[in-house]
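Visitor: Mind looking at a prediction? Sequence and model below.
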Amino acid sequence: MMSVNLLGDGRIGGGVNRELTPEVSSELGSALGTMLGERVLVVAARDYYPPSRMLKRAFSAGLMSTGVTVVDFHAATFPELAFAVKKFGAKAGVHFAVSPFHSDHVNIRLLDYLGIEFSQDRLNQLLRLFDNKHFVRTLPERIGWVTYAEYIHEIYVASVTSYVDSEVIAHQRPRIAVDVNFGPAAEVLPDMFSELSIDSITLNAHKPPARHGIRHIPSYESLISLGELVKAASAEFGAALSIDAGRIIFIDDKGRIIDTDKLAALLVSSVSRGSTVVTTLTTSKLIDKIAQSIKLKIVRVRGLPGDLSRQIRRNRGVLGVSDEGEIIYPTFSLSPDGLLSLSKMLECVAKEERPVSSLINSLPEISVHKEEISYPERYNATYVLDYLYSQFAENSVHAISSVKIIHKNTIVKVEPVKDTKKLRLSVEMPSRKDVEALREIRDEISNLLSGKKK
């Protein structure tokens with residue numbers, strides 16, 4: 001059996017019943033319990049994916065064996081878990097969900113007592129304990145308990161709807177379309193929409209299909225379908241969530257995907273003058289242009305788990321946003337929250353009294369060099385994006401509706417062109433070196449796609 005390692009996104013994970021078996025998950029729980037010590041509290045949750053349920057139960061048993069008490073939320077979103085860490089005074093939190101990389105893999109996300117994901121150093125410390133089997137088992141009379149929090153969804157919804165201006169939203173009574181992506185957000189949104197008086201159309205709000213693979217993030221094709229629904233229903237906008245609701249992408253009122261760079265720019269433009277915003281190294285330079293005009297301080301980080309959160313706390317930031325669809329409102333929670341971000345978008349549209357498309361169109365522009373290439377008819381856009389992301393490995397970022405490839409210190413954005421079998425490659429504020437880098441990536445992509453047989 002292969003050893004458990006940090007995956008490409010810097011989190012613990014592996015293939016179900018290969019790298020990650022119930023026995024391995026239990027030992028990982030024992031390693032965490034050994035790190036934390038006896039008589040502390042850990043909160044745990046999962047998505048609807050049956051392997052996540054299996055692995056969470058085994059992990060909980062490992063925690064109990066070291067004297068840790070577990071509060072089990074069953075199926076709950078990652079934002080709810082992060083919120084609950086501080087609400088319940090837990091020493092840590094653990095969330096299990098299908099991996100962004102493979103539908104037969106599960107990722108384990110670990111949170112500290114502040115609701116911030118474990119740093120790479122702390123994860124490596126945990127893995128060293130796991131590898132060495134240096135577990136401190138407790139006495140039988142001190143074995144931890146498992147308790148269940150029945151009202152976590154209601155507590156979370158009450159907090160979210162108190163955080164935003166519910167009266168303004170309810171007065172507008174907006175209509176939106178939301179793709180829940182077979183995640184436990186399906187248990188949260190009905191109550192949240194009821195409290196905010198939202199007229200909603202909700203898609204994929206059930207457990208994953210039994211005989212079909214599931215995805216951590218929505219497919220490109222599902223985003224296009226959601227856009228068509230938004231137009232047909234005359235909705236204010238659409239939104240699609242990752243399976244754990246930690247990431248989100250929006251569709252404007254004209255049915256167009258709002259790429260995560262434009263979304264980040266829109267959010268930054270609404271921040272109070274003189275504030276600090278934390279974002280990732282690969283997020284659009286448009287943010288810097290906006291920041292300059294309203295005197296914001298922009299702090300950029302690599303984008304590994306917890307990076308945004310730690311720098312927000314260190315720099316007293318008012319917003320964290322990445323080009324992977326993660327948004328953090330630190331006065332509510334120090335972890336990415338797609339559900340809160342959905343509520344904040346509703347608040348923004350209600351207060352501005354303008355369509356989302358108008359808000360996006362009002363953003364300033366920067367110079368961009370673009371080129372297009374075709375890809376084979378036998379591939380769909382989702383397959384191409386996933387394949388490119390995997391081929392460029394540590395030098396790529398999956399921005400849900402696009403992939404960014406870092407080549408010779410140049411960020412090349414690759415996105416499908418709607419209704420065609422073409423990819424658009426672009427670089428922002430390009431120098432001659434940047435254009436050359438783009439063309440090298442263009443040629444490499446063409447060779448990869450033309451030479452690979454599916």
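Guide: Right, received. Where do you want to start? Bear in mind that the values here come from a model prediction, so they are computed numbers and not experimental data.
Visitor: Give me the pLDDT for the closest residue in space to Y375 that isn't next to it in sequence.
Guide: Using C-beta to C-beta, 6 or more residues apart in numbering and skipping residues adjacent in sequence, the residue nearest Y375 is L449, 4.9 Å away. From N, CA and C alone the C-beta is placed, and that goes for glycine too. Residue-level confidence at L449 comes out at 94, pLDDT.
Visitor: So what does L449 look like in phi/psi?
Guide: Phi and psi for L449, reported as degrees, to the nearest 10, are phi -80, psi -30.
Visitor: I figured it was touching V384, is that so?
Guide: Yes: judged on C-beta atoms under 8 Å, L449 makes contact with V384 at a distance of 6.9 Å.
Visitor: Between the two, which contacts overlap?
Guide: Y375 (C-beta atoms under 8 Å, 6 or more residues apart in numbering).
Visitor: next helix or strand past the lowest-mean-pLDDT helix or strand in the chain?
Guide: The weakest-scoring helix or strand in the chain, judged by mean pLDDT, DSSP states H and E, is strand 5-6 (a mean of 62). Using DSSP states H and E, the helix or strand that follows strand 5-6 in sequence is strand 12-15.
Visitor: Could the C-alpha coordinates of that next one be exported in PDB?
Guide: Taking C-alpha atoms only, strand 12-15 is exported to PDB below (Å, rounded to 0.1, in the frame of the first residue of the first chain):
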ATOM      1  CA  ILE A  12      -3.800  15.100   3.000                       C
ATOM      2  CA  GLY A  13      -5.600  12.700   0.700                       C
ATOM      3  CA  GLY A  14      -5.500   9.600  -1.500                       C
ATOM      4  CA  GLY A  15      -7.400   6.900  -3.300                       C
END
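Visitor: Figure out how far that strand is from the centre of its chain.
Guide: The chain centre lies 17 Å from the centre of strand 12-15; the measure is C-alpha atoms, centre = their mean, to the nearest Å.
Visitor: then stretch 158-171 to PDB, C-alphas only?
Guide: Extracted C-alpha coordinates of stretch 158-171, given in PDB (Å, rounded to 0.1, in the frame of the first residue of the first chain):
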ATOM      1  CA  ALA A 158     -29.100  32.300  11.700                       C
ATOM      2  CA  SER A 159     -25.600  33.700  11.900                       C
ATOM      3  CA  VAL A 160     -25.300  34.200   8.100                       C
ATOM      4  CA  THR A 161     -28.600  36.000   7.800                       C
ATOM      5  CA  SER A 162     -27.700  38.200  10.700                       C
ATOM      6  CA  TYR A 163     -24.300  39.100   9.200                       C
ATOM      7  CA  VAL A 164     -25.800  40.400   5.900                       C
ATOM      8  CA  ASP A 165     -28.500  43.100   5.400                       C
ATOM      9  CA  SER A 166     -31.500  40.700   5.300                       C
ATOM     10  CA  GLU A 167     -34.000  43.500   5.200                       C
ATOM     11  CA  VAL A 168     -32.600  44.900   2.000                       C
ATOM     12  CA  ILE A 169     -32.400  41.500   0.300                       C
ATOM     13  CA  ALA A 170     -35.900  40.500   1.400                       C
ATOM     14  CA  HIS A 171     -37.300  43.800   0.100                       C
END
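Visitor: From the rest of the structure, what touches it?
Guide: Contacts of stretch 158-171 (C-beta under 8 Å, 6+ apart): 83, 192, 195-198, 329, 331-332, 339-340, 343-344, 346-347, 350-351.
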